[in-house]
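Undergrad: Got a sequence here, can you model it:
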Amino acid sequence: MPASYDLTIIGAGASGMMAAIVAARGGQRVLVLEKLGRCGAKLQATGGGRCNLTNQLDNETLMERFGKQGRFMQAALERFDAEALTRFFGELGVETHAPDGFHVFPVSHKSETILRAMEEEMARLGVTVHAGEPVVKILAADTAVTGVQTAEGTYPSRRILIATGGRGYPQLGSEGDGYGLAEALGHTTAPLYPAMMPLRTAETWVAGCRANTLPRVTLRVDLKKHRRLHATGDLIFTKNGIRGPVVLDFSREITPLLSRYETVPILAQLTEGRNEEEIRQHIKKARETNSQHTTLTLLMTLLPESVSRALCGLAGTDPALGFGKLPGRVRDHLIRLLVATPLTIIGHDGFAKAMITRGGIHLKEVNPKTLESKKIKGLYFAGEVLDLDGPCGGYNLQLAFASGVLAGEGA
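TA: Below you'll find the model as predicted:
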């Protein structure tokens with residue numbers, strides 16, 4: 001007969017391991033079941049392997065960045081905010097810092113540092129970890145959980161925590177298993193979309209601009225009902241589209257729209273927020289400084305050469321001509337392009353390249369103060385499996401750790 005546990009955690013990611021540590025510190029007998037052969041595969045990959053743990057925003061602002069669902073996080077953040085997170089890892093011997101004054105990393109800038117500290121703490125506390133053992137079913141009777149079933153056997157348990165993550169990067173174990181396990185017990189899942197990923201464009205001129213990173217670009221949806229959707233950050237052109245921090249943030253708004261409209265027109269402000277009048281004044285001063293400026297060299301006072309040439313092409317003008325020799329309508333067109341360059345988003349690489357998942361277990365079915373299911377007694381949720389997702393920059397890991405703490409204590 002397998003041992004009985006106070007808490008069985010499905011998934012050994014950031015939220016699952018955090019919940020295991022918190023529950024074990026509270027004297028609970030904890031089992032962690034991980035489908036992959038190792039813990040924390042996705043945690044190791046986060047932030048390009050540097051592990052952007054959190055950021056230095058206050059709780060109120062951080063919740064706002066998650067959108068209309070963000071208020072659900074309040075109890076978790078009040079219990080375990082960014083300061084508590086850095087203190088927690090400090091107690092485990094992991095120093096952290098914010099080199100840019102915002103993003104918080106381990107001083108080592110290696111995700112292995114975080115993973116090793118959490119694994120060592122679980123071992124010290126006597127947490128049982130079974131890697132390479134996926135859960136096939138959560139057992140329940142009389143609207144309460146009783147245990148879990150795997151290919152290896154059945155594990156009786158008074159409480160179960162689903163911390164399986166979403167569907168992004170399935171090669172790292174996130175294949176959406178938790179949704180099916182919860183749905184089998186009567187839970188429902190909000191529509192799932194890949195997020196935090198590069199986007200493909202219909203425009204082919206982007207391929208010629210790959211060598212440059214543009215700072216402080218603002219992307220905005222050019223659809224009547226969705227013009228409020230925007231994001232600002234660094235932009236990188238690719239051979240078939242766009243990527244970079246601004247695109248990672250913006251993609252979480254775009255992928256749901258693509259499922260509705262098939263293509264999504266957007267406007268890119270490429271000149272660090274300048275409006276038409278500011279650009280006209282900039283051009284005027286540049287021409288006064290150097291009367292020999294061609295249209296190309298004039299644009300290059302604002303943008304890299306490759307992008308400047310592309311905009312000349314979009315305006316249908318010879319970049320070697322002097323700006324003053326262009327017809328007025330062409331000059332106006334170029335200025336408008338500098339303020340709002342049109343792009344058409346036509347696709348993406350799906351969940352295979354998505355860092356996070358938009359959608360998840362409906363929040364109305366989960367108690368925000370404990371993260372326990374409102375449908376099944378003893379069933380808890382933490383991390384990305386919930387219908388919560390934030391932009392890049394430590395937001396989603398902060399949610400994972402904070403929800404892990406709240407669920408671990410609740411369970």
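
Undergrad: how many other residues sit next to residue 66?
TA: 18 (other C-beta atoms under 10 Å). To be clear about C-beta, it is placed using only N, CA and C from the backbone, and glycine gets the same treatment.

Undergrad: Break the protein down into its structural domains.
TA: 5-192+351-410, 198-348 (automatic domain parsing).

Undergrad: Pick the most buried one from those domains.
TA: domain 5-192+351-410 (a mean of 20; mean count of other C-beta atoms under 10 Å).

Undergrad: centre of the chain versus it, how much separation?
TA: 14 Å (C-alpha atoms, centre = their mean, to the nearest Å).

Undergrad: thinking again about what came up before, mean pLDDT added to the domains of the chain, as a markdown table?
TA: Converted to a markdown table, the domains of the chain look like this (pLDDT from 0 to 100):
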| stretch | mean pLDDT |
| --- | --- |
| domain 5-192+351-410 | 95 |
| domain 198-348 | 95 |
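
Undergrad: okay but residue 250 is in contact with residue 219, surely?
TA: Yes. At 4.9 Å, residue 250 counts as touching residue 219 under the criterion of C-beta atoms under 8 Å.

Undergrad: ok, residue 311 to residue 200 distance?
TA: 20 Å (C-beta to C-beta, to the nearest Å).

Undergrad: Kindly report the same for residue 177.
TA: When residue 177 is compared with residue 200 (using C-beta to C-beta), they lie 28 Å apart.

Undergrad: Show the contacting residues for residue 267.
TA: Shown in contact with residue 267 (C-beta atoms under 8 Å, 6 or more residues apart in numbering): 219, 220, 222, 340, 341, 342, 343.

Undergrad: hmm, try it at 10 Å
TA: Taking C-beta atoms under 10 Å, 6 or more residues apart in numbering, we find residue 267 in contact with 218-222, 227, 230, 337, 339-343.

Undergrad: nearest to residue 132, of those?
TA: residue 219 (41.5 Å; C-beta to C-beta).

Undergrad: and after the strand or helix carrying the closest one, which helix or strand comes next?
TA: Following DSSP states H and E, one finds residue 219 within strand 213-221. Using DSSP H and E, the next helix or strand after strand 213-221 towards the C-terminus is strand 230-237.

Undergrad: Just want the angle from that next one to strand 213-221.
TA: Angle, strand 230-237 to strand 213-221, by axes from the mean of the first three to the mean of the last three C-alpha atoms, to 10 degrees: 130 degrees.

Undergrad: Residue 192 in helix, strand or coil?
TA: Judged by DSSP: H, G, I helix; E, B strand; the rest coil, the three-state class of residue 192 is strand.

Undergrad: and it, what does it touch?
TA: 166-168, 176, 179, 255-256, 351, 354, 357-360, 387.

Undergrad: what do you get if the cut-off is 8 Å, keeping everything else the same?
TA: Each residue near residue 192 by C-beta under 8 Å, 6+ apart is listed here: 166, 167, 176, 179, 357, 358, 359, 360.

Undergrad: Give me the distance between it and residue 385.
TA: Residue 192 is 11 Å from residue 385, by C-beta to C-beta.

Undergrad: Just the helices from this protein, written as ranges.
TA: 14-25, 41-45, 59-65, 74-79, 82-91, 111-125, 177-183, 245-261, 276-289, 295-299, 305-315, 328-339, 395-410 (DSSP state H).

Undergrad: As CSV, the ones you listed with distance to residue 213 would be great.
TA: Putting those into CSV (distance: least, C-beta to C-beta, whole Å) gives the following:
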stretch, distance to residue 213
helix 14-25, 29
helix 41-45, 22
helix 59-65, 23
helix 74-79, 33
helix 82-91, 28
helix 111-125, 24
helix 177-183, 36
helix 245-261, 10
helix 276-289, 21
helix 295-299, 17
helix 305-315, 11
helix 328-339, 18
helix 395-410, 22
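
Undergrad: out of the ones you listed, which comes closest to residue 143?
TA: It is, among the helices of the chain and with distance given as C-beta to C-beta, helix 177-183, at 14.0 Å.

Undergrad: Can I get the closest one in PDB, CA atoms only?
TA: Extracted in PDB, the C-alpha atoms of helix 177-183 (Å, rounded to 0.1, in the frame of the first residue of the first chain):
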ATOM      1  CA  ASP A 177      -2.200  18.300 -18.500                       C
ATOM      2  CA  GLY A 178      -3.600  20.300 -15.600                       C
ATOM      3  CA  TYR A 179      -6.600  21.500 -17.600                       C
ATOM      4  CA  GLY A 180      -7.800  18.000 -18.400                       C
ATOM      5  CA  LEU A 181      -7.300  16.800 -14.800                       C
ATOM      6  CA  ALA A 182      -9.300  19.800 -13.500                       C
ATOM      7  CA  GLU A 183     -12.000  19.500 -16.200                       C
END
